[in-house]
Each structure stands twice: as structure tokens, then as C-alpha cells.
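Undergrad: Mind looking at a prediction? Sequence and model below.
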Amino acid sequence: MKEEFIALLRQTNREGMEQLIEFLNKTDFFEAPASTRFHGCFKGGLVEHSMKVYEILKTKTEDNDSVKIIALLHDVCKANFYKVDYRNAKNEQGVWEKVPYYTVEDTIPYGHGEKSVMMLSEFIKLTPEERYAIRWHMGFTEPKELYTTIGQAYKKYPIALLVHEADLEATYFYDI
């Protein structure tokens with residue numbers, strides 16, 4: 001899946017994309033989970049989730065460079081974000097054993113969507129549509145004080161709402 005992901009990014013021919021791909025390869029992006037417990041909580045879950053969001057989003061709108069960038073990179077903020085820790089749990093025989101689980105180690109506490117925009121902007125120039133879509137892809141899971149702002153963003157850039165929908169579908173319909 002990593003090779004397909006990278007090939008899709010290269011199709012955009014966006015200046016700085018090779019540097020972004022090089023950065024991703026130096027992180028745990030391709031091995032990271034998508035979350036600690038909600039969806040894609042397994043090695044490689046993040047890239048699988050991102051590919052599913054892309055697959056869904058391209059059915060909702062015309063597939064183009066922006067769709068690839070938005071869908072594939074909306075959660076880039078999760079690179080180097082999760083760590084493996086261990087806890088005690090009983091196995092099937094009722095014996096206690098140490099089992100691995102994912103935990104969060106947020107070394108760059110800058111939010112979620114805004115952190116992805118910030119990270120991507122270090123490598124590639126994002127269009128306003130891409131910035132808004134990535135920033136607001138969490139939709140109404142954001143604090144209620146931001147609902148008016150989110151609504152305004154969705155009216156201005158409808159793809160922002162579409163990526164939120166695709167993200168929800170990948171999470172709840174496909175559990176990745």
C-alpha cells in the first residue's frame with residue numbers, strides 16, 4: 001500500500017512533493033495506526049485509512065491533484081504521534097501477561113487539522129481549498145464554539161465537507 005500511496009502523491013507533480021515523501025519515509029507514517037482505539041488501531045492503519053478516504057472522496061468529486069493531497073495527507077499530523085506501550089491483561093487462560101497498546105505522545109501540540117496544514121506547508125504549497133479541507137476535516141467533532149466557522153468553511157469550500165464525510169465513512173463503515 002505504501003508504494004501505491006507514494007505513486008499517487010507523485011502524480012500530483014507538486015513542487016516539494018519529493019521532499020515531503022522523503023520526510024514521510026523518515027517518520028512512522030507508513031507503520032503508524034490511525035488511532036489508539038477507535039479505527040485503524042493496527043500497524044499500517046494510518047496509511048490504510050488515508051487510502052480509504054481517498055477512495056471514497058474521489059467518488060464524491062472529480063479526482064484531481066487536490067483530492068489526492070487532501071485525502072492522502074489529511075492526517076499527516078499523526079506521523080510520529082503514536083507510541084507503543086505495554087499493560088497487563090489476562091489472556092484466554094486467565095493468566096496475566098504484558099500486551100502492547102498504542103498511546104499518544106504529542107511532541108507538537110498544535111491541534112489536529114491545523115497541525116497537518118502546518119506540517120505540509122513546510123514542504124509543498126497548499127491551495128486555499130486544500131488548507132481549508134485539511135484544517136476542517138474533523139467537522140463537527142471540533143468544539144461547538146467553532147461550528148459557525150466550520151459551516152462558513154464548508155460553504156466556501158465544499159470539498160472540506162466532502163473530506164469530512166469521507167473520513168467518517170472510512171472510520172465508521174470500514175473501521176479504518
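TA: Sure, I can see it.
Undergrad: which residues does the residue nearest the centre of the chain contact?
TA: Geometric centre of the chain, nearest residue: D75, 2.0 Å, by Cα atoms, centre = their mean. By Cβ atoms under 8 Å, 6 or more residues apart in numbering, the contact list for D75 reads 34, 46, 49-50, 116. The C-beta positions use only the backbone N, C-alpha and C, and glycine is treated the same way.
Undergrad: and which of these is nearest A153?
TA: Of all the contacts of D75, A153 sits closest to S116, with 14.8 Å by Cβ to Cβ.
Undergrad: So that closest one versus Y86, what's the distance?
TA: Taking Cβ to Cβ, to the nearest Å as the measure, S116 falls 29 Å from Y86.
Undergrad: Between the contacts of D75, which sits nearest Y154?
TA: Among the contacts of D75, and counting by Cβ to Cβ, the member closest to Y154 is S116, at 17.6 Å.
Undergrad: For A79, see how far away the closest one is.
TA: On the measure of Cβ to Cβ, S116 and A79 end up 9 Å apart.
Undergrad: Which one of those two is surrounded by more residues?
TA: S116 (24 against 20; other Cβ atoms under 10 Å).
Undergrad: How about the more buried one: what's its closest non-neighbour residue?
TA: Distances taken as Cβ to Cβ, 6 or more residues apart in numbering place C77 nearest to S116, at 4.3 Å, with adjacent residues excluded.
Undergrad: What of D85?
TA: Nearest one to D85, counting by Cβ to Cβ, 6+ apart, is T103 at 4.7 Å.
Undergrad: Next, work out how far apart the one you found and V76 are.
TA: Using Cβ to Cβ, T103 is found at 20 Å from V76.
Undergrad: Neighbour count: the two, which is higher?
TA: Set T103 next to V76 and count neighbours by other Cβ under 10 Å: V76 wins out with 23 against 12.
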